[in-house]
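**Student:** Kindly generate the corresponding structure for this input.
(one chain, ligands or ions: 1)
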Amino acid sequence: MIGILNKKIIKDLYKEFNTMYFNGVLSLCDCHYIKLDVFGRYTNQNGKGKIWITNDVDWTEETLREVLVHEMIHHYVKSIFDKNEYLFFRHGFRFRRMMKKLNNEFGLGITISVKNLHKRV
Ligand SMILES: [Zn+2]
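**Tutor:** Predicted structure coming up:
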């Protein structure tokens, strides 16, 4: 389990994963750590990506990486291809192709929807 998590740590992880998994091609997203009704969320306003991670989960390194990289794939698809696919098929062909590539190349366990992750009660 991770100790204290905050948006600075998430941002640092984002930079690390950008280098490790995306060859550093992603522009920096704003990172937020707040209570959400989901585990993670990606939004984009005028080309500026934002990643939201919920704060009511006992994150482990693995589950946080899984959710953060998942949101980063949304940013990858949106910013590299800028297709409406992002809006209408959030987990469409480009998303899945990148997800499989990262899973195969780096042994990650990125999924479309996270399993075995629970909100703190
Ligand atoms: Zn998603």
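**Student:** middle-most residue in this structure, spatially?
**Tutor:** In the chain, the centroid-proximal residue (Cα atoms, centre = their mean) is Glu71; its distance is 2.3 Å.
**Student:** so what's Asn103 closest to, chain neighbours aside?
**Tutor:** Ile110 (5.7 Å; Cβ to Cβ, 6 or more residues apart in numbering). (Glycine included, C-beta is placed from N, CA and C.)
**Student:** Enumerate every residue touching Lys101.
**Tutor:** With contacts defined as Cβ atoms under 8 Å, 6 or more residues apart in numbering, Lys101 is in contact with no residue.
**Student:** Quick check: pLDDT value at it.
**Tutor:** For Lys101, the model assigns a pLDDT of 98.
**Student:** Kindly indicate whether it is helix, strand or coil.
**Tutor:** Recorded secondary structure, Lys101: helix (DSSP: H, G, I helix; E, B strand; the rest coil).
**Student:** Then Ile110?
**Tutor:** Classified using three-state DSSP, Ile110 is coil.
**Student:** How many neighbouring residues does it have?
**Tutor:** Around Ile110 there are 22 other residues, counting by other Cβ atoms under 10 Å.
**Student:** do you know how far the closest residue to Asn18 other than its chain neighbours is from Glu61?
**Tutor:** Ranked by Cβ to Cβ, 6+ apart and with sequence neighbours excluded, the top spatial neighbour of Asn18 is Leu26, at 4.8 Å. Distance, Leu26 to Glu61, using Cβ to Cβ, to the nearest Å: 20 Å.
**Student:** can you check Cys29 too?
**Tutor:** The value you get for Cys29 to Glu61, if Cβ to Cβ is used, is 20 Å.
**Student:** So for those two, which sits in the more crowded spot?
**Tutor:** A count of neighbours by other Cβ under 10 Å puts Cys29 above the other of Cys29 and Glu61, at 24 against 10.
**Student:** residue contacts, the more buried one?
**Tutor:** The contact partners of Cys29, by Cβ under 8 Å, 6+ apart, come to 14, 42, 48-51, 72, 75.
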